[in-house]
Structures are given as structure tokens and as C-alpha cells.
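Undergrad: Below is the sequence, then the predicted model.
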Amino acid sequence: MATEDPGIVEYYGSGGAHRCGYCGNNGNCSHGMWAHSLTVQDYQDLIDRGWRRSGKYCYKPTMNKTCCPHYTIKMEAPNFKLNKSHKKILKQMNKYLIYGTVKGEVTKSTETKPKPEVREATKATVDRTDDNITDTTPSQGPKAPPRPGSGADPNKPPMRKAKDIRLERKKSRDLIKLQSMTEEEAKAAQELARGLDREASTMSSVSICSTKNEAKTLADFLSEPDKAEKCAHKLEIRLVRTAPQSKEFKSSEEESAEVFKKYQMKVHKDKPNECDKDQWLDFLVHSPLKEMTKKDGIPMGYGSFHQHYILDGKIIAVGVVDILPYCVSSVYLYYHPDYDFLSLGTYTALREIAFVQELNKKAPDLIYYYMGYYIHSCPKMKYKGQYFPSFLLCPETYTWLPIAECTPKLDVNKYSRFAAEDVEDDGGKLEIDNVLVLFCRQVMTYEIYKVLNAKARDVKEVMEYALFVGRKCAQRMLLFRKS
């Protein structure tokens with residue numbers, strides 16, 4: 001793998017508070033920078049310090065000031081556990097693909113199944129006088145309605161079930177046999193019975209364990225339509241590279257952009273000029289990530305991609321993802337509003353988790369699925385915590401902790417430090433003079449830059465930049481400085 005050119009960024013610092021899309025207040029605060037280019041390792045290190053991208057613009061919420069703190073969340077894909085809600089959505093999609101039925105409908109296989117022919121049935125009745133069971137055959141035709149009365153006769157014993165009577169008879173016969181046996185024969189019979197009970201118990205335990213071990217995995221659910229003899233609908237997932245734009249992407253960009261427009265107008269109530277093709281390109285297609293491949297890495301390489309969900313030859317959903325050295329980062333999802341009955345938000349997330357699991361088999365370091373931000377104060381965003389096992393990023397130490405340890409703190413304060421008091425941010429300590437800058441098309445340290453540009457008054461800004469991006473990125477990326 002050849003040495004990559006360094007990433008180039010232009011730091012903007014913090015702007016004024018603006019309207020929050022989660023609570024509606026004018027209290028959303030963040031720091032931002034424009035990424036002219038980034039290596040995939042740059043961006044991996046940035047998201048591990050709370051950054052995210054929108055197009056080429058990267059932003060980091062000011063956690064202790066913003067109205068709705070955004071906590072970076074990741075999930076360990078190889079150990080992912082399906083919950084009941086996930087299974088329900090997967091079954092719902094499989095029924096639609098295989099049988100063509102939607103939520104609330106009966107599958108076609110059930111509807112077309114012939115009903116058994118009603119023949120003369122045999123009914124067990126109990127003669128209460130001598131506990132004999134007699135078979136009687138009812139006459140043909142519908143049953144006459146029961147005669148009105150005051151209920152069961154209290155002077156007669158209650159009705160008993162036939163199986164209870166059979167069990168009582170068996171015990172009676174066994175008792176008679178036992179009484180006729182010698183003492184030695186009785187002991188041998190009792191030992192045999194206990195042995196059979198132990199064997200039955202062991203078999204039952206093995207059966208239960210076997211059932212648990214054979215629980216359906218995510219891959220099992222997703223592969224069901226492929227195993228069906230015939231399907232009503234065909235779903236294909238196609239991965240296309242967007243930076244640089246591949247032939248597959250260019251051949252489908254008009255259709256994909258149109259789905260985005262319909263989604264934004266229906267779901268987010270955007271105006272047509274707010275979600276046209278140019279907006280789509282800037283928001284979800286243009287990316288600062290440079291394509292990277294490894295000799296023994298994943299076949300598609302690393303960088304920015306779109307996953308097209310193609311139903312019967314038509315794009316119905318698009319997942320925007322970044323494939324990074326240690327994770328797949330979910331950027332955005334949009335889908336055709338006509339297919340919202342398929343719960344595509346959750347279904348595509350499960351598909352992306354399965355995608356990480358497949359990549360992990362070829363690249364063992366690629367373990368995690370990043371779901372963006374977890375916002376505990378916003379009920380609509382708390383669903384991300386239902387993907388197990390998940391971890392939240394501490395906003396002060398940039399260390400990861402299980403979400404179950406973090407949420408009790410967030411129940412008390414919407415902004416919280418998760419790590420213990422003795423834990424420090426080891427990735428943020430850096431002498432400002434060692435920050436790399438790009439000045440007059442030359443790469444240099446900030447120390448040299450200050451000598452060449454005596455009028456520079458940006459020490460505070462550069463220190464803030466170095467702290468937020470971390471030591472690794474500050475010594476690898478180039479911070480653009482104007483002359």
C-alpha cells in the first residue's frame with residue numbers, strides 16, 4: 001500500500017447557536033471544519049473523538065453547551081443480539097418478499113391451504129357411575145343448541161378429564177403389581193423407574209440447550225428468501241462507490257436522487273428547492289474520504305459508498321455509509337415513502353450490521369457499526385440503544401463505556417462524563433508548535449509558520465483545533481492557513 005497524501009482541513013471554530021432539529025430550540029452549538037480531503041484513518045480517528053461529517057463539512061457538538069448533547073455510539077457487530085422487535089421486522093420483510101403479504105395480512109400459503117373435510121367425529125364421553133369411557137358417534141348435521149338451564153347439577157360430582165382418569169387407572173394397576181411383588185423385585189422396579197426419570201430429565205435438558213444453541217441468527221433471517229422455492233418479490237442490495245463516482249453510481253444517480261427528493265418532502269417536509277439534485281450531491285454524495293485499498297483487505301476497499309436496496313428492479317432505499325479501518329459508519333438513510341410499511345429504517349440498519357459481520361470475516365480489525373449520535377434527551381433517538389452490545393463515547397476522556405453504565409447518569413443529567421475521575425484524555429495532549437499546517441502550499445509545523453507569518457494571531461484557535469481533533473490527527477492532517 002502506497003503512502004497516502006495527508007488530509008487537508010480548514011478549521012472554522014464555533015459558530016453561534018442555531019435551531020436544534022431535535023428539540024426545536026435555538027440552542028444547538030457545535031464546532032466545525034471543512035475537509036478538503038481526509039484519509040480513512042483520519043476520519044476513523046475523528047469520529048472516535050466525537051466528529052461526524054455531512055458531505056465535506058465535519059462538525060463536533062459542543063457537548064457541555066448544546067441543548068441536546070450528541071453522544072457517539074457504536075455497536076460490536078460480531079456479537080450483535082437480535083431482540084423481539086428486530087425479529088418481528090425481519091419476519092415482516094420475509095413474508096412480503098416470499099408471499100407478497102404486508103403487515104396485518106395472512107400469508108398466501110395460509111389462505112390457499114385447503115380446509116380439512118369434516119367427517120363423522122368420535123367423541124369421548126365419561127360415564128360417571130363406573131368411570132368407564134365410552135366412544136359414541138354423533139349424528140350428522142349441525143349440533144342443536146344447548147337447552148337453557150341453571151348450570152351444573154351441584155348434587156353430582158364435577159366432570160373429569162379422560163386423561164386424568166387414565167392416569168389414575170395406571171397408578172392403580174401399578175400399585176396392585178407392586179403389592180404382588182417380592183421385596184427384591186419391588187426395589188429393582190423402583191431403581192429402574194428412578195433411572196428412567198434421570199434419563200428423561202437429561203434428555204429434556206439437552207433438548208432445551210440444543211434449542212437455545214440453534215436460535216436463528218441475523219444471517220439466517222436474511223437468507224430465508226434466498227432459500228424459498230419461489231418469491232413474490234426480489235430484493236437486491238448493491239454497493240456502489242461514490243468517491244470517486246463509479247459507473248454503477250452514475251448510471252443510477254437520477255433515480256437515487258429522485259427517491260431522496262420524495263423522502264425529504266414527505267418525511268422532513270422540505271420544499272422542492274431544498275432537496276433537489278444539487279442538495280443531494282452536496283449532502284450525501286460529495287465526500288472528503290479518499291479511496292484506499294489494501295493488499296489483504298476487503299475487496300471493495302475503504303471510503304464512501306451508497307447501498308442501493310433494489311426491489312423488483314427499482315431503487316426503494318439508499319443507505320449512505322463510510323467503510324473505515326475499524327468500522328462501517330452509517331451516514332444517512334432515505335427511502336421511497338410508499339414503502340414505509342416495511343420499516344426500512346430498522347431493516348436497513350440490520351442489513352448494515354450483517355454487512356459489518358461479513359467484512360469482519362475478511363478484515364478482523366473491522367468490528368464496529370457506528371450509528372451516528374445517541375441523544376438520550378430525545379425519545380426518537382433512544383432506539384439506537386436497543387442494539388446490543390453498544391458503547392457510548394465519553395465526551396471528556398474519549399474512552400468507550402457500555403451504554404448500560406451511561407444511561408443512569410444521563411437520566412439525571414443530559415450532559416455527563418462517563419469515565420472515572422482518574423481517567424484522562426491521552427489522545428489530546430500535544431504541543432501546539434508540533435501541529436502540522438499548510439501555508440503558501442508548503443507543509444510545515446506551526447512553530448515555523450509563526451516565524452514566517454509574524455502577524456499570526458491564531459494561537460488560541462490552533463490550540464482548540466489540536467485539542468478537538470486529537471494528537472494523532474493534528475500531527476498527520478494539514479491545517480490550512482491563509483497568507
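TA: On my side now, so go ahead.
Undergrad: Just the buried positions in stretch 224-243, please.
TA: Going by neighbour count (16 or more other C-beta atoms under 10 Å), the buried part of stretch 224-243 is 224, 225, 231, 235, 237, 240, 241, 242, 243. (Each C-beta comes from the backbone N, C-alpha and C, glycine too.)
Undergrad: same check, this time on stretch 393-408
TA: Per 16+ other C-beta under 10 Å, stretch 393-408 contains these buried residues: 393, 394, 395, 396, 397, 398, 399, 400, 401, 403, 406, 407.
Undergrad: May I have the distance across it, first residue to last?
TA: From its first residue to its last, stretch 393-408 covers 15 Å (C-alpha to C-alpha, to the nearest Å).
Undergrad: now swap in stretch 61-77 and tell me
TA: Between the opening and closing residues of stretch 61-77 we find a distance of 26 Å, counting by C-alpha to C-alpha.
Undergrad: Please work out the average pLDDT along it.
TA: Confidence over stretch 61-77, taken as the mean pLDDT, stands at 95.
Undergrad: which pair in the buried residues of stretch 393-408 spans the largest distance?
TA: With distance counted by C-beta to C-beta, no two of the buried residues of stretch 393-408 lie farther apart than 398 and 407, which are 19.0 Å apart.
Undergrad: one step back: can you lay out the buried residues of stretch 393-408 as CSV showing secondary structure?
TA: Rendered in CSV, the data for the buried residues of stretch 393-408 read as follows (DSSP: H, G, I helix; E, B strand; the rest coil):
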residue, secondary structure
393, strand
394, coil
395, coil
396, coil
397, coil
398, coil
399, coil
400, strand
401, strand
403, helix
406, helix
407, helix
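Undergrad: any weak-confidence spans in the stretch 201-350 of the chain?
TA: 201-214 (pLDDT under 70).
Undergrad: what residues are up against the closest residue in space to residue 248 that isn't next to it in sequence?
TA: The shortest distance from residue 248 to any residue that is not its chain neighbour, by C-beta to C-beta, 6 or more residues apart in numbering, is 4.3 Å, and that residue is residue 240. Residue 240 is in contact with 246, 248, 249, 252, 305, 306, 307, 308, counting by C-beta atoms under 8 Å, 6 or more residues apart in numbering.
Undergrad: Please indicate which of these are buried?
TA: Members of the contacts of residue 240 that pass the buried threshold by neighbour count (16+ other C-beta under 10 Å) are listed as 249, 252, 305, 306, 307, 308.
Undergrad: Please identify which helix or strand holds the last one.
TA: Okay, so that is residue 308. Using DSSP states H and E, residue 308 maps to strand 303-311.
Undergrad: my guess is residue 304 contacts residue 328, does it?
TA: No. Under the criterion of C-beta atoms under 8 Å, residue 304 is not in contact with residue 328, lying 11.3 Å apart.
Undergrad: Which one's more surrounded, these two?
TA: Neighbour count, other C-beta atoms under 10 Å: between residue 304 and residue 328, residue 304 has more, with 27 against 23.
Undergrad: what's near enough to touch the more buried one?
TA: Taking C-beta under 8 Å, 6+ apart as the test, what residue 304 contacts is 241, 242, 243, 287, 289, 320, 321, 322, 323, 331.
Undergrad: Can you give the domain ranges for this protein?
TA: Described in terms of automatic domain parsing, the domain architecture of the chain consists of the residue ranges 1-69+426-483, 72-105+194-393.
Undergrad: Show me the helices in the stretch 351-483 of the chain, by range?
TA: 403-412, 446-452, 459-474 (DSSP state H, counting those that start in this stretch).
Undergrad: Please tabulate those helices in JSON lines, including the columns mean pLDDT and distance to residue 68.
TA: As requested, these are exported to JSON lines (pLDDT from 0 to 100; distance: least, C-beta to C-beta, whole Å):
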{"stretch": "helix 403-412", "mean pLDDT": "96", "distance to residue 68": "11"}
{"stretch": "helix 446-452", "mean pLDDT": "94", "distance to residue 68": "34"}
{"stretch": "helix 459-474", "mean pLDDT": "95", "distance to residue 68": "19"}
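Undergrad: For residue 344, which of these is the nearest?
TA: When these are compared by C-beta to C-beta, helix 403-412 sits nearest residue 344, at 24.2 Å.
Undergrad: from what I can see residue 432 touches residue 446, true?
TA: Yes. Residue 432 lies in contact with residue 446 (C-beta under 8 Å); the separation is 5.9 Å.
Undergrad: Give me the common contacts of residue 304 and residue 328.
TA: With C-beta under 8 Å, 6+ apart as the test, residue 304 and residue 328 both reach 321, 322.
Undergrad: Next, the contact list for residue 354, please.
TA: Residue 354 sits next to 218, 219, 222 when contact means C-beta under 8 Å, 6+ apart.
Undergrad: Can you get me a residue count around the first one?
TA: Using other C-beta under 10 Å as the criterion, residue 218 is surrounded by 19 other residues.
Undergrad: In this structure it contacts residue 80, no?
TA: Yes. Between residue 218 and residue 80 there is a contact under C-beta under 8 Å: 6.6 Å.
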